[in-house]
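Colleague: Sequence first, then the predicted structure, then my questions.
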Amino acid sequence: FPGQGAQWVGMAVELLDSSTVFAARFGECAVALDGFVEWSLMDVVRGVEGAPGLDRVDVVQPVLWAVMVSLAALWESFGVRPSAVVGHSQGEIAAAVVAGALSLQDGARVAALRSRAITALAGHGGMVSVALSRERAEELISGWDGRISVAAVNGPTSVVVSGDADALD
């Protein structure tokens, strides 16, 4: 299950309208999230006027979590039952729910509260995903005098740098 970045406006809408299994699990996710968020999962995904957008970390991460958990229910309805699941960021939380390590309610709580904490901790900085090795990224950011650093290594040629927003630009 992926981390943030796999989202797009209108994602999940077609499945909500065409799959009773997906829609039912998504509805359960919406109920589970209700106590932890100030917005409607359905309104965000359907792009209802006044609903927050996917540009907010505290919105996109719980939305992605709900989509992943609901996709897993759909896959299971077709007989796909993995022996193991893994994830990154809110994908880890989805994987824990799908594996049965967390209840749906606990998964919703963790996804929502974690994303709010990230928003509070982020301040005025930012993050950028770059298709470079850690070594090459460190070379390129060395001229920014500590204003940017490698925040995550996602693979041999995929890193995230974070720091001062102006320096990232």
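Modeller: Structure's in. What do you need?

Colleague: Quick one: list the elements packing against the helix or strand bottoming out on mean pLDDT in the chain.
Modeller: Using mean pLDDT, DSSP states H and E, the weakest-scoring helix or strand in the chain turns out to be strand 125-130, at a mean of 83. Taking 3 or more C-beta pairs under 8 Å, 6 or more residues apart in numbering; DSSP states H and E as contact, the helices and strands that strand 125-130 lies on are strand 158-164, helix 165-168. Every C-beta, even on glycine, is put in place using the N, C-alpha and C of the backbone.

Colleague: Pick the most deeply packed of those.
Modeller: Highest mean neighbour count of these: strand 158-164, a mean of 18 (counted as mean count of other C-beta atoms under 10 Å).

Colleague: circling back to that earlier point, between the helices and strands packed on strand 125-130, which gets nearest to A23?
Modeller: A23 lies closest, by C-beta to C-beta, to one member of those: strand 158-164, at 33.3 Å.

Colleague: looking at it, L132 is touching G155, isn't it?
Modeller: No - the pair L132 and G155 fails to qualify as a contact (C-beta atoms under 8 Å) at a distance of 10.6 Å.

Colleague: Neighbour count: the two, which is higher?
Modeller: L132 (18 against 9; other C-beta atoms under 10 Å).

Colleague: Make sure the more buried one is indeed in a helix.
Modeller: No - membership of L132 in a helix is not supported by DSSP: H, G, I helix; E, B strand; the rest coil, which gives coil.

Colleague: Contact partners for it?
Modeller: When the contact criterion is C-beta atoms under 8 Å, 6 or more residues apart in numbering, the partners of L132 are 140, 157-159.

Colleague: Tell me the spacing between it and V161.
Modeller: Computed with C-beta to C-beta, to the nearest Å, the distance linking L132 and V161 is 9 Å.

Colleague: per-residue pLDDT, the residue sitting furthest away from the middle of the chain?
Modeller: Distance from the centre of the chain peaks at G143, with 31.0 Å (C-alpha atoms, centre = their mean). pLDDT, G143: 90.

Colleague: Can you check what pLDDT the model gives G123?
Modeller: The predicted local confidence for G123 comes out at a pLDDT of 69.

Colleague: Quick check: which ranges of this structure have low pLDDT?
Modeller: 122-123 (pLDDT under 70).

Colleague: Could you list every helix and strand in contact with the longest helix along it?
Modeller: For the chain, the helix that runs over the most residues, judged by DSSP state H, is helix 57-77. Helix 57-77 is packed against helix 13-18, helix 20-34, helix 41-46, helix 90-99, helix 104-122, with contacts defined by 3+ C-beta pairs under 8 Å, 6+ apart.
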